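S.K.: The sequence and its predicted three-dimensional model are supplied below.
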Amino acid sequence: MNKINTIHSRFVPLQEENVDTDQIIPARFLKATTRDGFGKNLFRDWRYHNDNELEPKQDFILNDASYSGQILVAGKNFGCGSSREHAAWAIKDYGFLVVVSSFFADIFKNNALNNGLLPIKVSEAFLASIFALDKEATLSVSLENQTITIDATGAVETFEINAYKKTCLLNGYDDIDYLISNKAAIENFEKNRV
Amino acid sequence: MGKTLFEKIWDTHIVQEVTDGPSVLYIDKHFIHEVTSPQAFKGIEDRGISIFRPSQIVATADHNVPTLNQHLPITDALSRFQVDTLIENCKKHGIELYGLGHEHQGIVHVIGPELGITQPGMTIVCGDSHTSTHGAFGTIAFGIGTSEVEMVFASQCLLQTKPKLMRINIEGTLGKGVVSKDIILYIIAKISASGATGYFVEYAGSAVRALSMEARMTICNMSIEMGARGGLIAPDQTTFDYIKGKTFAPAGAAWDTALAYWQTLYSEADAAFDVELTIDAAAIEPMITYGTNPGLGIGITKNVPTAADMQDEGEQKNLEKALQYMGLAAGQSLIGMPVQHVFIGSCTNSRIEDLRLVASLVKGKTKHPNVQVMIVPGSQKVAKQVVQEGLDIIFKEAGFEIRQAGCSACLGMNEDKVPAGQYCVSTSNRNFEGRQGAGARTLLASPLTAAASAVTGVITDVRTLL
């Protein structure tokens, strides 16, 4: 897995709440058997009319070339609904490394963390102040310090992340390495069960 | 202080605590299906490791299978390849597969319980958010992503942080025409689509105790729709009676041992919950959703909310967007509105009891000519039982189409889709934009309300037909 530490980037503001994983990647794209290539179908039905790449929906943020960056900023309850990890794969494959919201659905958050995509939960007020920025503005993220900063104003907010997950992301470790290293304990547990 | 039901199960499945991190949680049963497993198998193979406990995994094909002509090769090439990949992976790794054509095949959350694989006190996971269904048996059951599927393949464990606990007590007696789907839609409408995020929910109270296992599964199934990781109900005599004699249920002395343990699985009187709610069962009407998340639901006699009913500007914007997608107006009544489709199926409401409910209402009636009605049984077993009980004749005479088992139009992965702009009263679990097909407009409701609307061709308060 990729390592994450500091990211300094512009951002793409998606001012929608309750963005569900069916919107992030519609079910018809889940027929793949690999993890690759989901980015082109990210938000497919919000991006295009009639499922046609030649008919982009002009008012959708991903179709506005004046926005760019490695940080996706969205309204509360991001990633609700289906457990499809394809949602995290699509966001990552599109080129985002960080998703900022005031509230994440549980399964999406885990899926993101397991794929080197950093979910940052901020306060409603901080989220509103990011949405109020102009499109050239940049954000700086430090996983080490657990901070997200609006560069133009210097406004900083700290975010929470489980210490174990933080270590994993900083070093590019995944849970399987850890679990496999504990096989003896797992076998022992199985033997001693009533 | 006594333990909650959740804590009793959780504590006996902890292999190890991780300092400042999640615990290593042992998983008893792992269900897999064709859509969220291929990348996990690939991951295991790329690491050069084998599956740790293949005998604790059960596979089926459900999400991406046709519901017609299942004896023929799947025509969609990508779907066929995905289903074939599951077959190959299961063969290679020694995993039991109930694939197309197998008598045990069906929606993963229907077959686990009906085969007696799902048993109280277990930890159960599956790469599907509706895994919470199995909680109806007093299990810790929750949906996971594909990376987590790979973790369970590798170690039969997951790294998990203990969730907060919520108890929802539903007390009293349900009114006429009100069923368990209405209970859960009522709860989600009350606490919102994110109201239980971070929690595991125990459902309790006299109204829950009075429910059948099928009805309890419907409630636990939709726990995820309010953000909860899972939901669970303490097992009782109803649970034990349901399990006894099932294909994989313990028998003989093993039954007695299991039963003695299962009978200890309840929250102690002085157990503490982070949040506790009580709901009056008598206050619940037949429910229907009007919006694009399962929290946007109302009692069927109520009007669609207006901006003035919303708490803040964000909610107002969400309402406006949802109503625009749904082609509905704020303040309108839904009763009497024409619908074009009725879908009866999904892991929420495709069990034999659901289909009996539908049959009880439509017996001797026919569907409205403008409505297409599709019944998709949850499993081969349910489909067989429909015929054994003669429900198929009632459905055929009513003009309902009966399909073969699968997830079908719940998620629109196969051909079973609702056309853009058309309305579908659906017994499934999600009314998200495009869920049942691009542009499709889904109204979630109970099997009774769906059946009533199929007969009248318009959204109907089922109580007027009883």
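M.R.: Structure received.
S.K.: Show the contacting residues for the residue in chain A positioned nearest to chain B.
M.R.: Closest to chain B within chain A is residue A:164: 2.7 Å, counting by CB to the nearest CB. For every residue, glycine as well, the C-beta is placed using N, CA and C. The contact partners of residue A:164, taken as CB atoms under 8 Å, 6 or more residues apart in numbering or on different chains, are B:18, B:20-22, B:159.
S.K.: got the contact list for residue A:45?
M.R.: Residue A:45 touches A:23, A:26, A:51, B:433-434, B:438, counting by CB under 8 Å, 6+ apart.
S.K.: Can you report how many residues neighbour the closest residue to residue B:163 other than its chain neighbours?
M.R.: Nearest non-adjacent residue to residue B:163, counting by CB to CB, 6 or more residues apart in numbering or on different chains: residue B:200, 4.7 Å away. Applying other CB atoms under 10 Å in any protein chain shown, we find 29 other residues in the vicinity of residue B:200.
S.K.: Report the secondary structure state of residue B:200.
M.R.: Judged by DSSP: H, G, I helix; E, B strand; the rest coil, the three-state class of residue B:200 is strand.
S.K.: Please name the bridge partners of it.
M.R.: residue B:165, residue B:230 (DSSP bridges).
S.K.: just checking, residue B:196 touches residue B:230?
M.R.: No. Shown here, residue B:196 and residue B:230 do not form a contact pair, counting by CB atoms under 8 Å, at 9.8 Å.
S.K.: Which neighbours do these two have in common?
M.R.: Joint contacts of residue B:196 and residue B:230 (CB under 8 Å, 6+ apart) are residue B:223.
S.K.: thinking again about what came up before, can you lay out the contacts of residue A:45 as CSV showing pLDDT?
M.R.: Output for these, formatted as CSV (pLDDT from 0 to 100):
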residue, pLDDT
A:23, 97
A:26, 96
A:51, 93
B:433, 97
B:434, 96
B:438, 94
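S.K.: thinking again about what came up before, verify the stated contact: the residue nearest to residue B:163 with residue B:226.
M.R.: No. Using CB under 8 Å, residue B:200 is not in contact with residue B:226; the gap is 11.8 Å.
S.K.: from the contacts of residue A:45, which ones fall inside helices?
M.R.: residue A:23 (DSSP state H).
S.K.: Please indicate which of the contacts of residue A:45 are buried?
M.R.: A:23, A:26, B:433-434, B:438 (16 or more other CB atoms under 10 Å in any protein chain shown).
S.K.: Using TSV, please lay out the residues you listed together with distance to residue B:458.
M.R.: Output for those, formatted as TSV (distance: CB to CB, whole Å):
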residue	distance to residue B:458
A:23	29
A:26	29
B:433	23
B:434	24
B:438	25
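S.K.: ok, those residues vs residue A:80, which is closest?
M.R.: Residue A:80 lies nearest to residue A:23 out of these, by CB to CB, at 9.9 Å.
S.K.: ok, residue A:136 touching residue A:10?
M.R.: Yes. Between residue A:136 and residue A:10 there is a contact under CB under 8 Å: 7.0 Å.
S.K.: Give me the more crowded residue out of the two.
M.R.: Remark: of residue A:136 and residue A:10, residue A:10 carries more neighbours, 17 against 9, as counted by other CB under 10 Å.
S.K.: where's the more buried one, which helix or strand?
M.R.: Assessed by DSSP states H and E, residue A:10 sits inside strand A:6-14.
S.K.: Repeat that for residue B:292.
M.R.: Applying DSSP H and E, one finds residue B:292 in no helix or strand.
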